[in-house]
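In: got a predicted structure here, sequence first:
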Amino acid sequence: DPEMEAAALKIQSVHRGKLARRSLQEVAEPAPNMAIDPEMEAAALKIQSMQRGKIARRRMQERVEANSVPEDAPMDFDPEMEAAALKIQSVHRGKLARRSLQDSAAANSVPEDAPMDCDPEMEAAAL
């Protein structure tokens, strides 16, 4: 009878699910008599951390290798593009140099409204 087979299959499925959940719960929960050793936990944490770092470095290396240009790849140097890049770099370096000079001049200048700290003896000698 197909209905009986379907019912039996449903009962078996429910029972297997119940057993699987119970088994998973037993694995997830430590036994009450098992004390967690802080030293062992710290060691496990260190091992996990080192492994995650190793995996991250490997993935980064794979990305670098995937994005790098092979040494034997032909390089197309366009003299016009090279000259344009050189000009842009030159303009930028000049701008940075002028800004640096302006900043250092501003730092070394004395404001006009700043009081002059003079030594009275020097002032008398100047007169």
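Out: Received it, and whenever you're ready, just let me know what you need.
In: please enumerate the helices of this structure.
Out: Secondary structure of the chain (DSSP state H): helices at 2-28, 38-67, 79-108, 120-126.
In: buried residues, stretch 41-60. List them.
Out: Within stretch 41-60, no residue counts as buried by 16 or more other C-beta atoms under 10 Å. Glycine gets a C-beta too; all of them are placed from N, C-alpha and C.
In: could you dump it to CSV, C-alpha only?
Out: Written as CSV, here are the backbone C-alpha positions of stretch 41-60 (Å, rounded to 0.1, in the frame of the first residue of the first chain):
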residue,chain,number,x,y,z
GLU,A,41,42.2,27.0,25.0
ALA,A,42,44.9,29.7,24.5
ALA,A,43,47.1,27.2,22.6
ALA,A,44,44.2,26.2,20.4
LEU,A,45,43.4,29.9,19.7
LYS,A,46,47.1,30.5,18.8
ILE,A,47,47.1,27.5,16.4
GLN,A,48,43.9,28.7,14.8
SER,A,49,45.3,32.3,14.4
MET,A,50,48.5,31.0,12.8
GLN,A,51,46.5,28.9,10.4
ARG,A,52,44.2,31.7,9.4
GLY,A,53,47.3,33.9,8.8
LYS,A,54,48.9,31.3,6.7
ILE,A,55,45.7,30.9,4.6
ALA,A,56,45.4,34.7,4.2
ARG,A,57,49.1,35.0,3.1
ARG,A,58,48.6,32.2,0.6
ARG,A,59,45.5,33.9,-0.9
MET,A,60,47.3,37.2,-1.1
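In: still on that earlier bit, lowest average confidence across the helices of the chain, which one?
Out: Within the helices of the chain, confidence is poorest for helix 120-126, with a mean of 67 (mean pLDDT).
In: dump the residue contacts of Pro79.
Out: By C-beta atoms under 8 Å, 6 or more residues apart in numbering, the contact list for Pro79 is empty.
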